[in-house]
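A.B. asks: turn this into a model:
(one chain, ligands or ions: 3)
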Amino acid sequence: MQNKFGERNFLDSTERIQKQIDDLAEFNSTPGNGVTRVVYTQEDQQAKTYVKELMNDIGLEITEDAIGNIYGRFKGTDPTLSPIWSGSHLDAVPNGGKFDGVVGVLGAIEALRMIKDSGLRPKRDLVAVIFASEEPTRFGIGCLGSRALIGDLTEKDLKTLKDQGGQSLYDVMRQSGYSPEYLPEVVMHLGEIGAFIELHIEQGIVLERERKCIGLIHAIAAPTDIALTLEGEQQHAGATPMNLRKDPVPAAAEVILTVEKWAKENTSAHTVATVGRIDVQPGSSNVIADSVQITIDSRDVSWENKELFLSELRKTVEHICTRRGIKYDLKVKAHDKPMQAHPFVVQKLEESCSELMIDYKLMASGAYHDALMMAKIAPFGMIFVPSKNGISHDKREWTDLEYIGEGVKVLTHSLLKLANTTNFND
Ligand code: GLV
Ligand code: MN
Ligand code: MN
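C.D. replies: Numbers count the residues shown, from 1 in each chain. Ligands and ions are numbered 1, 2, ... in the order given. Now for the predicted structure:
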């Protein structure tokens, strides 16, 4: 396929994306200390309004569903064909960077802008999508918007999932102007979406080490998110002898070290486990704690490994707590299946890279993405662009604009290819 977009066009395009990335970084609850944008906060809403304006500028047909997923549609010529989607998320982890998610949202909109500006009208509709939160920051579970879309989030879940302030997702949604009671209407099914492509920063070091500016994903490691509460007995730190304590803090420490050991000793390169949050109650230096809450986030590309990890963890916690006289509550908030990219979509992405003479690497994603959810209802592929020094989920997160431009090129070409393909089995 000919490159229908001149270099000048791409130059304008990358400059535009740079400005948009910087503009979005202003919607931030921790200015001067990375970007923090938590779902259903003022900053999150401002970012969504900004992006809806971008969609509006290029004449996309905009809709928003009951949970807050936003869709911008460019109509194709054949309404009988299923649409091709592309997009990502706008929420950002505490003190994170300005590229995670944002590159995929802006990249999708920019791709649609270029296709429209070139006067091309593909057969299938093209849809730029902003998922209503991918990060687990507020409710302890990732991919809320895409999870709802594939029917993997129930009204009961909305009522059970609570934020740090004890507010349920259901109530927070209502207060933010969304309609949790219409959750079933968000759901889409297999066959309704022709294909989904997500452009994202790599968030790891592989591409930089191998001096490749594009990664094409063949598999995504999936998370298991656990909230563990350990309950002991609050007592005086000076007057209580060591053998008379029920202290949940050393119990938590034992669990944490066991989890780390398990992940380190596992043979798969994609097995990782992280305790990213520890809350000690009441949290005073001269008080033996009453309770400790920890989060455990483990990932793997192997479902068998994930199952094994969960059952080993349950046994370990039971063993440690029985020995120490500690009560516990282990909640599995997410236990997602690792997913493979669709060979046909990967093939189209590879073709695009070859036509554009861009070198690429086929790789697995250690981070999860909305594409992991979308995989259940649509053939998917992902395009990665390098992260400087492999850093992400931190304010040092950086991706050179030149790489983002290459990613958008590959995305645009691939979207066009897919949108003009009538039969994916051809
Ligand atoms: C997504 O941000 C992840 O934690 O992989
Ligand atoms: Mn992230
Ligand atoms: Mn992300």
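
A.B. asks: C-alpha only now, for contacts and for neighbours.
C.D. replies: Will do.

A.B. asks: kindly provide the distance from the closest residue to Ala419 other than its chain neighbours to Asp78.
C.D. replies: Excluding the flanking residues, the one nearest Ala419 by CA to CA, 6 or more residues apart in numbering is Arg124, at 4.7 Å. Look at Arg124 and Asp78: by CA to CA, to the nearest Å, they are 6 Å apart.

A.B. asks: more crowded one of the two?
C.D. replies: Comparing Arg124 with Asp78 by other CA atoms under 10 Å, the one with more neighbours is Arg124, at 25 against 16.

A.B. asks: and the nearest residue to Pro248 once chain neighbours are set aside, how far is that from Thr63?
C.D. replies: What sits nearest to Pro248 in space, not counting adjacent residues and going by CA to CA, 6+ apart, is Gly232, at 5.0 Å. When CA to CA is the yardstick, Gly232 and Thr63 sit 49 Å from each other.

A.B. asks: which one of these two has more residues nearby?
C.D. replies: With neighbours defined as other CA under 10 Å, Gly232 and Thr63 compare such that Gly232 has more, 23 against 13.

A.B. asks: show the contacting residues for the more buried one.
C.D. replies: Neighbouring residues of Gly232 by CA atoms under 8 Å, 6 or more residues apart in numbering: 246-248, 289-291, 325-327.

A.B. asks: and if you look at Met173?
C.D. replies: Taking CA under 8 Å, 6+ apart as the test, what Met173 contacts is 40, 67, 179-180.

A.B. asks: ok and the residue in this structure nearest ligand 1?
C.D. replies: Among all residues of the chain, Ala367 sits closest to ligand 1, at 3.4 Å; criterion: CA to the nearest ligand atom.

A.B. asks: residues from the stretch 301-426 of the chain in reach of ligand 1?
C.D. replies: With the criterion set to CA under 6 Å from any ligand atom, the stretch 301-426 of the chain comes near ligand 1 through 367-369.

A.B. asks: cool, the chain as well?
C.D. replies: Within the chain, the residues that sit near ligand 1 (CA under 6 Å from any ligand atom) are 135, 367-369.

A.B. asks: coming back round to it: for the residue of the chain closest to ligand 1, phi and psi?
C.D. replies: For Ala367, the backbone dihedrals are phi -80, psi 160 (criterion: degrees, to the nearest 10).

A.B. asks: what about the closest residue to it other than its chain neighbours, how many neighbours?
C.D. replies: For Ala367, ignoring the flanking residues on the chain, the nearest one in space by CA to CA, 6+ apart is Ala221 at 6.6 Å. Look at Ala221: counted by other CA under 10 Å, it has 25 neighbours.
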